[in-house]
Every structure is written in structure tokens, then in C-alpha cells.
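> below are the sequence and a predicted model for it; my questions follow.
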Amino acid sequence: MGIFSFFSKEKKQDLDKGLEKTKTSFFGKLSKAIIGKSKVDDEVLDNLEEILVTSDVGVETTLRIIERIQSRVARDKFLGTSELNQILREEISALLDETSKGLLVEGFDFPRRDTPYVIMVVGVNGVGKTTTIGKLAYQFKAAGKTVVLGAADTFRAAAVSQLEIWAERVGVPCVSQGMGADPASVAFDTLKSAIAREADVVIIDTAGRLHNKIGLMNELSKIRKVMQKLLPDAPQEVLLVLDASTGQNAIEQAKQFTAATEVNALALTKLDGTAKGGVVIGISDQFRIPVKYIGIGEKMTDLQPFIKDEFVDSLFN
């Protein structure tokens, strides 16, 4: 099953709806910025820079986009404001294309392995981490994969019980040892169980605390090491879940977690409830880590694979 098979007409409509607030805010500002202007000049670029920054694209990424447009203006001598949407679309697409090539596997489908594909999920409490894991399990199962969950966020009793509820709801096994258990022990038992079951996918939840980065780093490192006793290349994926509605705070969380562990994929949640969807572009570009999933609603199927062309198309159409 190819990744593009996920994008039915209904999926595209859901994505369009999920990005509606971001699109309305961004293009509303852009329209005001170019009123009365016929060409892309310094004033238009200054206004565009402000719009991108206030849309949570981030300063570094904004400057990169502006520089690219300036190069095109210098090369082409005259660019009309009527062409600005297309230029922006092309430059944002190019930035996302640079990072999307780093994905190990795409969407909810990947080549058959002889051993489980292990995903270690990280992120602070409140970003939708447990919900994302539940939706991932549902989507993988719907794609014909067998899934095992591991409740290694043992810092909070609620985290364990929430994951167990999701596992029951989706109809997949969940390995847990309760609050206060050693997270690495839970991860080890989960992977051991998954290997015995010949499962396709293992998803390990981890504690979402940032108050002690050294402690977090040590904990995640320990989880890795114990799983590697059973499966030397585990985890194949470290998925950082971020709440898109927090804008620049999500970028700060990305800094903390990428310093603590080897994050190689991102999931951006709650895009439907925010006008800050530009953060998807900024985080992907700034950290050179591909966005793999986006959350655009409450339904099980509202966790979508991030497909660059579909995202840009929805944003600009």
C-alpha cells in the first residue's frame, strides 16, 4: 500500500479544513500587506518577513525564505505581487522537500521486517502524546499491522491508565507495570512480548518531563540500551510529539528533546485549532528533522501522514 493511497478526497477535505485557521490568518495579513503594490519591493519583503514571523514560521526560517525571494527578485528584475503566492509556495515546498527526504519510512506503511519496527515516542505532557500513540496504533492496525504498546511513562499513574484505555479501545495489547516502575524495564518487557508475538510495530510511551534535562537524557538513553539487548537497531524511530498551537514554545521543546535524544521524526498535533500552522515549516527547517504526522482533529483518522505536496497545496489553495 503506497502512502498516497491515504489521500482520498475525504482526507484532502479534512486537511483543508484543519489548516483553515492558519490559511485565513496568513493570507489575510498578506493581502493587506500588498494592497496598492504592483511589484515585490523592499517594503513588501519587510511586510512579508513580519507576517511569516508572526505566523510562527520562526526567525531563522523566515530569513531563509526572504533571502531566496530576494535572489529571485534580483535575478528576474521584476516580480509582481500577483506572483508572490506562487513564489512563496515554491520556496516553502523546497524547504520542506529538503527535510522530508530524511524519513526512514513514510506514513503507516513500511517494508516488511523480520523483527518489530520500534517507535519511541517523546514529548511533554499535554501535547497529545498518548492520544497520538492511540491514533498511531489504530492507523497501523487499519493498515494490516500487528501492534504492541508499552506504557513506559511510569511517572504518572494517569499516563499508564490512559494508554491502557487507548489500547483497549483500538484492540491492541499494552504492556505495563504501573506507576513508579522502571521505564526501561517496561520497554524491555514490551519488546520481548512483541518479538514473541511476531508483531510488526512496537510503540513505547515515555515520560514527558523537561524540568531536568540530564535526568531525561539518562532515562531515554537507558530505555534505548535495554531494548538494544533484544534488538540491536532499536528504536528505529524516535518520534517527538509537539503541540502546534503553542507556536514558539513548540520550537523550544524541540530544542530540549533533540538535545536529550536522537529524534528523527516529528508529529505536530492540534493544527485544526490554531492559526499557528506555520510552525510546521519552521520546526522542520530549523531542526532538519522531517515532520511525519500531523493532527487535524479528534477522529481516529485525523492523524494524517504529513505529505509535503498535500500540505502546501492545502495551505495555498
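On my side now, so go ahead.

> show me what counts as buried in the host helix or strand of Leu136.
Applying DSSP states H and E as the criterion places Leu136 in helix 129-142. Buried residues in helix 129-142, counted by 16 or more other CB atoms under 10 Å: 129-141. Yep, even glycine has a C-beta here, placed from its N, CA and C like the rest.

> same thing with stretch 279-290?
Buried residues in stretch 279-290 (16+ other CB under 10 Å): Val279, Val280, Ile281, Gly282, Ile283, Ser284, Asp285, Gln286, Phe287, Ile289, Pro290.

> residues in contact with the residue nearest to the spatial centre of the chain?
Per CA atoms, centre = their mean, the C-alpha nearest to the average position across the chain is that of Ala267, at 1.9 Å. Contact analysis of Ala267 by CB atoms under 8 Å, 6 or more residues apart in numbering lists Thr132, Leu239, Leu240, Val241, Leu242, Val291, Lys292, Tyr293, Ile294, Gly295, Leu303.

> for burial, what's the neighbour tally of Cys174?
Counted with other CB atoms under 10 Å, the neighbours of Cys174 add up to 23.

> from now on call the first residue 14
Fine by me, first position is 14 from now on; the one you just mentioned is Cys187.

> give me the neighbour count for the nearest residue to it once chain neighbours are set aside.
Excluding its sequence neighbours, the residue lying closest to Cys187 (CB to CB, 6 or more residues apart in numbering) is Ala180, at 3.5 Å. Neighbour count of Ala180, defined by other CB under 10 Å: 23.

> ok so, going back, kindly confirm my reading that the residue nearest to the centre of the chain is in a strand.
Yes. According to DSSP: H, G, I helix; E, B strand; the rest coil, Ala280 belongs to a strand.

> which SSE is the closest residue to it other than its chain neighbours in?
Counting by CB to CB, 6+ apart, Ala280 lies nearest to Tyr306, which is 4.1 Å off, once chain neighbours are set aside. Element membership for Tyr306, per DSSP H and E: strand 304-308.

> so which bits of the next helix or strand after that strand are buried?
Following strand 304-308 in sequence order, the next helix or strand is strand 316-318 (DSSP H and E). Buried residues in strand 316-318, counted by 16+ other CB under 10 Å: Leu316, Gln317, Pro318.

> what segments of the stretch 64-213 of the chain are helices?
All helices of the stretch 64-213 of the chain, identified by DSSP state H, counting those that start in this stretch, fall at 72-89, 97-113, 142-155, 170-183, 196-210.

> and the longest one, C-alpha only, in PDB?
When you say that, I think you mean helix 72-89. Extracted C-alpha coordinates of helix 72-89, given in PDB (Å, rounded to 0.1, in the frame of the first residue of the first chain):
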ATOM      1  CA  VAL A  72      13.000  33.900  12.500                       C
ATOM      2  CA  GLU A  73      15.700  31.600  11.000                       C
ATOM      3  CA  THR A  74      13.400  30.000   8.500                       C
ATOM      4  CA  THR A  75      11.700  33.400   7.700                       C
ATOM      5  CA  LEU A  76      15.100  34.900   6.900                       C
ATOM      6  CA  ARG A  77      15.900  31.900   4.700                       C
ATOM      7  CA  ILE A  78      12.700  32.300   2.700                       C
ATOM      8  CA  ILE A  79      13.100  36.100   2.400                       C
ATOM      9  CA  GLU A  80      16.700  35.600   1.100                       C
ATOM     10  CA  ARG A  81      15.500  33.200  -1.500                       C
ATOM     11  CA  ILE A  82      12.800  35.600  -2.700                       C
ATOM     12  CA  GLN A  83      15.300  38.400  -2.800                       C
ATOM     13  CA  SER A  84      17.600  36.300  -5.000                       C
ATOM     14  CA  ARG A  85      14.700  35.700  -7.400                       C
ATOM     15  CA  VAL A  86      13.800  39.400  -7.500                       C
ATOM     16  CA  ALA A  87      17.400  40.300  -8.300                       C
ATOM     17  CA  ARG A  88      17.600  37.600 -11.000                       C
ATOM     18  CA  ASP A  89      14.200  38.300 -12.600                       C
END
